[in-house]
Structure formats: structure tokens, C-alpha cells
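Q: the following block contains a protein sequence and its predicted model.
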Amino acid sequence: MTGLLEDGVGPSPAVRQETLIELRELVVDYVLSGRRVRAVDHVNLDVGKGEIVGLAGESGCGKSTIANAVMQLLRAPAQVTSGQVLFHGEDLTKLSTEQLRKFRWRNVSMVFQSAMNSLNPLMRVGDQFVDMMKAHERISKNDALARAADLMETVGMDRSHVRSYPHELSGGMRQRTIVAMALTLEPELLIMDEPTTALDVVVQREILQQVQDLQRELGFAVLFITHDLSLLVEFSDRIAIMYAGEIVESAPSDELFRRPLHPYTVGLMNSFPPLSGPLERIVGIAGAPPDLAKPPSGCRFHPRCVHCDPSSHALYARQTTERPVLREVEPGHFVACHLLDTP
Amino acid sequence: MSAVAVAPDRTLDVQGLSKNFPVPGASLLHRQMLRAVDDVTFTLKQGTVTALVGESGSGKSTVARLISRLYTPTGGSILYRGVNVGAMHGKHQLLEYRSRVQMIFQDPFSSLNPVKRVDYHVSRPLLIHKIVPKADVLDRVHELLDSVGLVPAEEIAKKYPHELSGGQRQRVAIARALAVEPEVILADEPTSMLDVSIRLGILNLILDLKRDRNIAFLYVTHDLASARYVADEVLVMYAGQIVEHGPTDDVLQRPMHPYTKLLLSAVPNPEAGLHSHRLAARPKTDLAVDLVGCRFAERCPLAVASCISDPPVLLERRSHHLVRCPIIDPST
Amino acid sequence: MSQIQPLDSVNVPAPTVEVARLRGPERERAGRRRLRVPGWLRLLLGNPKSRGGIIVLSAIIILAVIAPWIAHANPNDFSLIDSRQSPSFHHLFGTTDQGSDIFSQVMWGARSSLIIGAAAALLATVLATTLGILAAYSGGVVDDVINLITSVFLVIPTIPLLIVVSSYMHSRSGVTMVLILGLTLWGFEARILRGQALALRNRDFILSAKVAGEGTWRIIFSEFVPNMISRIAAAFVLVFYIAILTDAGLEFLGLGDMSHASWGVTMYWAQVNSSFLQGEWWPFLFPGLALALTVAALVFILAGVDEVSNPRLRKDRKRGVIRSLFVGGRGARAALDAKDPA
């Protein structure tokens, strides 16, 4: 019904690669005191081998929930109500705790926004690497430490920092450390959830450059989650835009940048003042992201959409009652919008 | 405050401002000082927006807090209409200053008291400074809320902060600042914690206020693009010092200082080309506390030996465009 | 990124709606309309521990209030005929060696204990709150001075001080007790409240208030206190029951006002007259039980208050009321919830 891929339509063959992660009609609810808040609503998303997929959206759109769902890290009150998370075709929700433990970090690993959430403040950084490696494979402490030092080098840090405590490192260094940790077991997919939001622009670019270099070298896929659309346009192959728990548009990055179709995407792109070129007054998007406990009826973006006008009766009726369906309007370019549904 | 003959548009003068903080955890005997702000000089003029741009740790927020008297300067002075702010001790004088210089904070979630309603927040300055008679306070509150785009004002006035979105809370903070009819507003990263689509609303509001009420804004940010959008003048700070200072277009389109160039190249700018370009600088190491020479030298691709030994001075190298770097060529 | 137009090959109506004004999002007011029960009371009643505590304490308070009507006998009656009687219909709790009705003594004693406890708690809490927050907010010399004073008072042990003061003072009135209890018990709470205030001190709304020109005292009472209410309430309950216990303890040692009816005094006389050795258990049991019940009730209420102030201690109780709670200030918890899960 909602956000469904049309039957028989998938990514065009040119874009399809061997698919690593498939989210099929994923629905995640937060159940609090009897009330159900739908954070992720029938989302379909694919990440191919070696592909860099960006997931953009503002606060409350559900993107972090998706990241946690892929890693199977969702805790009560969040629950996967329906849908599947497939990894190489295998349903992750069916795995046992032990299998999941092996799966995490080895096949898919994650970098969080705040490194201090991932690093134990009481242990030296090197020791944390060792712990992690020993949990997944048989390796001696010395070998593990040597590996850790190598990894620190690959993310642009001095080998000697293996002996540092987290608080002795700057914010940028800590973030690099957790990127190194995430790549220790050479996973096939690296999920980055707002990895650089708290960092300065210069450090952000350095870290992302590093990740790009490593990605080219090691060939892992990346799911990059952020609210900064301009960053995604530069770094990802494909971008999916989320709004209020649904994917409203998805396309290769340069296609999305040149021809955004969904009014929300257009609005988002118009929310970034330009650094070069003519300077004129621009308007973002009026209103605020909706309360997921009581989302707007019909198209969830309609209260903020400049193309939603009560005077165009038929269209307005559809916009306020019917949920738009994600359709491929150009090869590889999917949009969920009534305006593009030729009746 | 006694009136001093001062050019009418020079509202707030900051001269040679410095602030040292003790390094946390240092022993009592060797009290190490961190120079958070070092010799900062600029002027805020009415009806203009001055952007203070820098990364975290550059000292930009500290400058704003020094001007708002949340910190006391270690050196230098702040002059409000020619009167030294640091010399203001009387309660009356202080209160008057606070009615002229207001501040907006970064975090919309913590800048409002969670247990008080919006009308309380906006009415307090009115009552403290006796801007309007008590009977008229509520009306004025509604007017203020209206003027920042929060409608219907009567409904919003009765809400608690947690019932509002981040952008709305920031607008309440702005309304509160406007209540005293200030001449200067210090905005400390007002949009960095807001959703992208909401930021422009606040930026446009700042532009409107600047134009309609002739307010002098200090806009502290790490986001160059938003600085370009709102500011008339840009100051770039690095490690507590101003490294470049000039009109917005000059600084951002024709930057001179290597750090400014680094910042500009690091900002994601898909329009300039869809391929990311590499940074030409070495990664930052821990900042030494008592550097003599240029603080950017360790990361600067152009650094020479004299950069480390001789402290660079802020000089006007092009018309109205100052830079703290002796080795660059202003004509390029 | 500059203005980008949508596809013109699609028949898109030109934007006509002026979506310029912002409206407040609708948030529901959770259940506060049905009954006029304040959020905090609802929460305490929701927690089984504090619910029990509140019920027991309320019962004791009610009994204390209606004492004149249910305990007809004068607690200080002297009647040899009636003395040493075990509990009976006529004397529900029995009589003392002097023939006084223990039931009356316990009922009237409740008044004494509760009033002294509450008054001491009030004094201590006011001192702790004011000085603790002032120290945290002012910092510098003021902080140092207050810390010094707090340390001095912390070092003073309550009972020895009371013993010394009691022996000097001629009047051992309730007021003296309250003063001394209050003055010796405010110290450690002041430290705790100062700690919490330190955490709040750099929150932007405190800084905003300062920049707006609010005076120090106004900031302390209007900005800090409402956000620390649950911790202050906990401090109050804590000192309350410690005061009751200490008061009873002193009277039991014979250092209180021996002429008025109170639980400690009853037990003192029982001790002095070696009642227990003579098989008379009732002069001990009933006052002791009353004391134990009161203190236990307060301890349970304190557990409930602690859960209110520290959400992590809360077990997930499925109640819609959680949104409108009173955690260190109305709405603060909802504010935390408003930082959405996604």
C-alpha cells in the first residue's frame, strides 16, 4: 500500500550488482505505554556490493532506526513489526544470538555519531581492538596489537596512539579510531550513522577522504546516514531521501542533484545557501518534520508542500488521503509523489 | 551611562580582547593557561551582521560570552558606545548594558527553562527592565511572538518548551532577546542544532531584524555558507586569533589566509564540482599552549622557518581586508 | 545549491499556497483533564512502594489529627487503679505504670513526632537548598565560604550535640529540638544539592536568565529550584524520618521534654520502670510499632521519589501519564522524550 515498489520493477540491470543488504517492506514501531509510533514504514532499500549508499533525512525520519535494524541492534521499545532484513539473501531476524554476534562487526559494522559511545573510557585504545579481535577470531595479543597499529595508520593516525586512552585523543582522532575499529575485521558493509556531524568541516573532510580511499582499496559497501545532503552528493553513489519514516526519493547522486523530483528533496536542496554564485534570498521548507505519533494523512509531506493546494480538488483529495507509492520514473530514479503519477 | 561622542554606528568595540583559561587537571603549582582568545579586535555596527567563523576550539563562542559578560576578559577591553564595559560595576549600569546587548544560544533544547511557559520566558526581560507597564506585558509578549513568526501568538504563549519544535524554540529565544529592544544581538551558532530545512527560516529572520530594527548582529558559526548568506563582514578565527577579516565577498571569494582557503576547500560544495577534492594540509595534532609563532604553521602548506619563530601580525593587505600572514601575496 | 525547478514535462501546478507561517505542533495533554491530581502525586501513587508509604503515612497523619476525638483519656493521667493493665477494650493499648492510657499517648505522640520531624525537615531543606544552590551558582569565594560552613556543620555529630545542648538549656521545648535537628542535618543534603546545581549551572537557560538581567536570588528560586524539585523533595523526606528517629531516640535517653506525650517518652518511662522485665510488653510495642511504621512509610515514599527523579530506576510501568510527569520540573521528561527515537 505505502512506499511499495511496484511489482516487477526493481533497480535497472545497469545499476544492480550483487546485493548485500536488502530491506524488504521493513516496518519498525516504537511501542510506548500502549501507543504505537511507526518510525519506519514499509521501507525498501538495497545496498549492493561495494556501493556507497547515502540515506538522508532530518530528525525523526527514521534513518537511525534503519541503521540499527540492519545491525539487529534494536531494543525495546523498538520492534520490527514486519518486513525482512536480508543479508546475502539470509533473513537476519531469524539468526540466533550467537550467529548474530559473529555477524556483527565481521560482516557488517557500524560507526556512530559519538565515538565516546563506542569507546570504553577506561581502556587503552589498543586493548579495545584486541578485545574485539579476540572475540571473533583466534589471535595472539601481540599480533592483535600490531594489527591495531596498522589500522590506526590506515586511518591517518600515528601508530603510538594505540597506547592512548580515549580522553587523550581529540574528537577527530577518536572518530578515526572507531572507523579503524569498524574496519578491523574487513566487513562487507560499513554503516556510518552521522559519523562527522559533531566534527569540524576540515576534520570531517579528512575522515571521509580516508574512508573513501579505504573503500576503493578494500571494496566494502557503505551505508552513509546523515542530514547533510551536500555531503552525500559528493561521497555517495546513490542517495535515498527519507521523510517521516518513508523513502520518498532514491536515485544515483548526480541524477538526484541535477534533477530532484520530490518536493521535499527540492526543498532540502534549496535549504543550503550557496558558497559561490549569485546570492539571493532563499526559503527552506516551511513547517517542521511531523510528529510520528500522529503523522499527516495521505502524503506525509503535504502540510509543508508548496504544491499542495486545496483549490486543485482532485489532486488535493489524493494528497490528503492516499499515500504515494515509490515508483521508478526514470531508470534507477524512484519517487513517491502524487504529482508525478499521471492519472 | 554617560554619553561619549562616538560615531553613531560604532555600537560595540572590541579591542585587543584576550581570555585565558586554566587547563583542567593541571597541578596547582604549574597552572597552565590556555589562551582561548588572543588579541581580538573588531567593531559591531548597527544594521550589519558580523560573522565570526571558526572551528570548535577557535575561541569564537568565548568571544561572544565575553561580550555578554558571562566571562570576564583577561586582557583588552570592550567598549559599548565608548564606555568601557569592564568598568561597569554598578547594578544600574550592568542592567542597562543587559538591556542593550542580548544573546541567543546554540542549543534550542536547553536555552529555555523546561518548567516555564513561553510567556514567562518572553515576559521576564520586559518585567526586569520595566519596558512596558505590567498591564501591557502580555500584549507585548504576543506582539513579540508574532514578530518572530510564531502564530497564533496567544496559543504559543501558553505552551511549554517541550511542546515546541527546535526551530520554534529558537524563535522564542529570539523573541526573548528582542523584548528589551537591544542594539546588539550575539547569536552563538543559532542554527547548528536545527534541522536543515528549518535553518533558513532563522537566517531569514536575522536578516529581517537587521534590516527592520537596525540591530547589530554578531553571528558565530562554523558554517561558511550560512555566514555568506547573512553576514556583511566575516572574521575568521583560528586558535583564539583572528586570521582574516574583511567584507564577506572578499574573504570568501578571494581568501588570503591559508586557513581560510583550507576551510573553504573543506566545505561540501557539490555545485563546484561533483568530485571531492583533496585537502592540502596535514592533520591537526594537539595544540600546544604557549606558541610563539603562527599557530597555524604546523598545518600550513606554505609555512617557512620564520612562521614558527615570529608571531604574525594582523595587517590590512588589501582595501578593508586584513590578514594575519606575512608570507602570502595579496595580489594573487 | 541553487534553486532547482521540478521537471516541467510533468503537469505540476504552480505553487500557490503561501506556507509562510509556522504553527505549533499538536501535542496532547496526557490525561490531566480527568482528575485534578497533580502529576507528581499520580506518579507516587503509581509506584507500589510509595503508594504503600503514602497510605500508611496518611493514616498516621489522620490519626494524629483526630487524636482529641478518639483518645479521650488524658495521656498524662495519673491513676493507680488503672495502672499496668494489658490491652483491653477500655484501654486499647494498655496502661503505663502510672496508669496513663497508652493509646492516648501514642495518638498524641504522633502529633509531636510528625510536627517536629516536619519542621526540622523544612528548616534543613530550606538551608540546604538555598546555600547549596547559591554556592554552585556563585562559584568562587562564595562557594568556598559556604563549603567551609557546610563542612563544619557536617562534622558535628547530632546526638552528642543534642545531649550537650539539652543539658545546658533549661527549656527543652520542641522549638529547640527542631532548631538543633535542622541545623545538624542540612549539611549532607547541601552537598548533594550543590552537586546537582553545578550540573545545571552551565545550562543555557541559566545563562540566558543571567544575560536577561535576572538577579541571583531570582535565578536560584525560579530557575534552579523548579528543575531540582524531586531532589529537594527527596532531601525533605530523608531529613523528616531521620529527625523523627533522632527525636525519639533522644527522648528515649531521657533528654527530651519529658512532660509531653510522645513515643520516645513512653518508651523511656517503660525502660525506667523496667516494664519489660515484668512482662509488660505493651508500653514498648505500641509506640515502637508506631515509630517503625512511620519511618518505614517515609522510607518507601523516598524510594518512590527517587524513582521519579531518576528515570533509570523506574520499571517500565505502562501508564500514559509518563508524558506529563514531574521529574525535576514538569515537562522535563517529556522534553527528553521529545528528542525522538528515530
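A: Now that the structure is in, tell me what you want to look at. Residues are numbered from 1 along each chain as shown, chains lettered A, B, ... in the order given.

Q: from chain A, how far out is residue B:130?
A: 35 Å (Cβ to the nearest Cβ, to the nearest Å). For every residue, glycine as well, the C-beta is placed using N, CA and C.

Q: what is the neighbour count of that residue?
A: Other residues within reach of residue B:130, judged by other Cβ atoms under 10 Å in any protein chain shown, total 10.

Q: confirm it sits in a helix?
A: No. Read with DSSP: H, G, I helix; E, B strand; the rest coil, residue B:130 is coil and lies in no helix.

Q: so what's residue C:332 scoring on pLDDT?
A: Confidence at residue C:332, expressed as pLDDT, is 38.

Q: is stretch B:124-132 anywhere near chain C?
A: Yes. Using Cβ under 8 Å from any Cβ of the partner chain, stretch B:124-132 comes into contact with chain C via B:124, B:125, B:128, B:129.

Q: who wins for most neighbours among those?
A: Counting by other Cβ under 10 Å, top hit in those: residue B:125 with 27 neighbours.

Q: what sits against that one?
A: Taking Cβ atoms under 8 Å, 6 or more residues apart in numbering or on different chains, we find residue B:125 in contact with B:99, B:131, B:176, B:177, B:179, B:180, C:212, C:213.

Q: between these, which is closest to chain A?
A: residue B:176 (19.8 Å; Cβ to the nearest Cβ).

Q: distance of that closest one relative to residue B:140?
A: Counting by Cβ to Cβ, to the nearest Å, the gap from residue B:176 to residue B:140 is 12 Å.

Q: these two: who's more crowded?
A: Set residue B:176 next to residue B:140 and count neighbours by other Cβ under 10 Å: residue B:176 wins out with 29 against 16.

Q: my read: the more buried one touches residue B:123, true?
A: No. Counting by Cβ atoms under 8 Å, residue B:176 does not reach residue B:123; the two are 9.0 Å apart.

Q: reformat the contacts of residue B:125 as a markdown table; add secondary structure and pLDDT.
A: What follows is the contacts of residue B:125, written out as a markdown table (DSSP: H, G, I helix; E, B strand; the rest coil; pLDDT from 0 to 100):
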| residue | secondary structure | pLDDT |
| --- | --- | --- |
| B:99 | coil | 91 |
| B:131 | coil | 89 |
| B:176 | helix | 94 |
| B:177 | helix | 94 |
| B:179 | coil | 94 |
| B:180 | coil | 93 |
| C:212 | helix | 89 |
| C:213 | coil | 88 |
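
Q: pull out the buried residues from those.
A: Among the contacts of residue B:125, the ones that count as buried by 16 or more other Cβ atoms under 10 Å in any protein chain shown are B:99, B:131, B:176, B:177, B:179, B:180, C:212, C:213.

Q: where do the helices sit along chain B?
A: All helices of chain B, identified by DSSP state H, fall at B:60-67, B:91-98, B:118-128, B:137-147, B:153-157, B:166-178, B:196-213, B:224-230, B:248-253, B:258-266, B:305-309.

Q: CSV for these, including distance to residue B:79?
A: Output for the helices of chain B, formatted as CSV (distance: least, Cβ to Cβ, whole Å):
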stretch, distance to residue B:79
helix B:60-67, 11
helix B:91-98, 11
helix B:118-128, 24
helix B:137-147, 29
helix B:153-157, 37
helix B:166-178, 21
helix B:196-213, 21
helix B:224-230, 25
helix B:248-253, 24
helix B:258-266, 27
helix B:305-309, 32
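
Q: for residue A:326, which of those helices is the nearest?
A: helix B:196-213 (20.9 Å; Cβ to Cβ).

Q: quick one: contacts for residue 69?
A: Since you didn't name a chain, this refers to chain A. Residue A:69 neighbours (Cβ under 8 Å, 6+ apart): A:23, A:26, A:28, A:40, A:80, A:85.

Q: what strand or helix carries it?
A: Using DSSP states H and E, residue A:69 sits in helix A:63-70.

Q: max-length helix in the chain?
A: Defaulting to chain A. helix A:201-218.

Q: not quite, I wanted chain C
A: Chain C, longest helix under DSSP H: helix C:102-138.

Q: and the average pLDDT for that one is what?
A: 91.

Q: now that helix: buried residues?
A: In helix C:102-138, counting by 16+ other Cβ under 10 Å, buried: C:102-114, C:116-125, C:127-138.

Q: if we look at chain B, which of those residues are close to it?
A: Answer for the buried residues of helix C:102-138 near chain B: none qualify (Cβ under 8 Å from any Cβ).

Q: what pLDDT does the residue nearest to residue B:159 when sequence neighbours are not counted get?
A: The spatially closest residue to residue B:159, leaving aside those adjacent along the chain, is residue B:118, at 5.5 Å (Cβ to Cβ, 6 or more residues apart in numbering or on different chains). Per-residue pLDDT puts residue B:118 at 94.

Q: report how many residues lie close to residue B:118.
A: That count, for residue B:118 with other Cβ under 10 Å as the rule, works out to 28.

Q: same deal with residue B:16?
A: 12.

Q: hmm, residue B:78 and it touching each other?
A: No. Counting by Cβ under 8 Å, residue B:16 does not reach residue B:78; the two are 10.2 Å apart.

Q: from the chain's centre, how far out does the longest helix of chain C sit?
A: Centre-to-centre, helix C:102-138 and its host chain are 8 Å apart (Cα atoms, centre = their mean, to the nearest Å).
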